[in-house]
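Asks: sequence and computational prediction follow.
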Amino acid sequence: MRQTMFAAIVAGTLLSGCGPTAGAERAAAASVYADTSIAAAIGAETRTPANVARDQYRHPRETLSFFGVEPDDTVVEIWPGGGWYTEILAPLLRERGTYWAVASERGLNGVRGLIAKDPATYGQIRLAAFPAQGSDARVPEGSADVVLTFRNVHNWLMAEPPIGEEAFRQAFAMLKPGGVLGVVDHRLPESADAARERSSGYVKVSTVRRLAEAAGFRLAAESEINANPRDTKDHPNGVWSLPPTFRGGDVDRDRFAAIGESDRMTLKFVKPD
């Protein structure tokens, strides 16, 4: 559902007029409501303090607003990992929306842990396989308003064999016509050797665009919300030299901490109507 309950109420009462002005006012009211709902989910007491501390690098409010996430959407998160965004998306979508977490059986362990720990907050999450094969449980085709994946495309490229093409095809199939695919990942300079995409954790914007567009997506917008100009992208342990991983241990730890988390692309794709 793309029209929130709040927007419907406003359309029928406070903004009962017609014409372009009334339409713009309804859209603005819906946008304010979505942003307020996202802010409330980010401020939820159920979030882990260590995850909250990373908001300065991951900018969840701006990112989810950029992707157009609304509290009555059907949202799919691909490979949620330990559940950093799950802690925000689950309470955001719990009352009126639907939240799918999709990954391998092992990849869903973090979300399952959240469900077991706090079923009141996370018990409504739906789980499915990704990439799905054969009889695997999967998100119904054409059912999602938004598909999100955070810092995963590089993993699809580094897999053996790579699964990037299939991952984007399955994401496309999940979405309704007009639905949004939101991608955030570590950004490799376009001038860099493409071989680094298989080892550094960084990936070129052009590579993500190629994979998405081959699956049928259209690039709708780009944002510098998650950019970090301090990131030189030439670290001895790739992106994992930086926080929060610090793969090099204490070696140059202060320097990497001062850089902060990686420079990231933020791309919004649309499935054509």
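Replies: Structure received.

Asks: what ranges in the chain fall below the confidence cut-off?
Replies: Residues of the chain that meet the criterion pLDDT under 70 lie in 1-20.

Asks: which parts of it are helices?
Replies: Remark: helices assigned in the chain by DSSP state H are 5-12, 20-42, 49-52, 55-58, 60-66, 86-93, 109-117, 119-122, 153-158, 164-174, 205-215, 253-259.

Asks: quick one: the third one to chain centroid distance?
Replies: What it means is helix 49-52. From the chain centre to the centre of helix 49-52 is a distance of 17 Å (CA atoms, centre = their mean, to the nearest Å).

Asks: re the thing from before, okay, the helices of the chain, which one's buried deepest?
Replies: Mean neighbours per residue, mean count of other CB atoms under 10 Å, is largest over the helices of the chain for helix 86-93, with a mean of 25. Backbone N, C-alpha and C define where each C-beta goes, glycine included.

Asks: hmm, who's touching that one?
Replies: 37-38, 40-42, 44, 46-48, 51, 60, 64, 69, 71-73, 75, 77, 80, 99, 101, 110-111, 114, 121-122, 124-125, 148 (CB atoms under 8 Å, 6 or more residues apart in numbering).

Asks: mind running it again at 6 Å?
Replies: The contact list for helix 86-93, computed with CB atoms under 6 Å, 6 or more residues apart in numbering, reads 41-42, 44, 47, 51, 60, 71, 75, 80, 99, 111, 121-122, 125.

Asks: same question for stretch 195-213.
Replies: Contacts for stretch 195-213 (CB under 6 Å, 6+ apart): 153-154, 157-158, 164, 168, 183, 185-186, 188, 190, 219, 233, 238-239, 265, 269.

Asks: burial count for the nearest residue to Glu222 once chain neighbours are set aside?
Replies: Spatially, and ignoring its direct neighbours in sequence, Glu222 is nearest to Leu267 (5.7 Å; CB to CB, 6 or more residues apart in numbering). Residues lying near Leu267 (other CB atoms under 10 Å) number 24.
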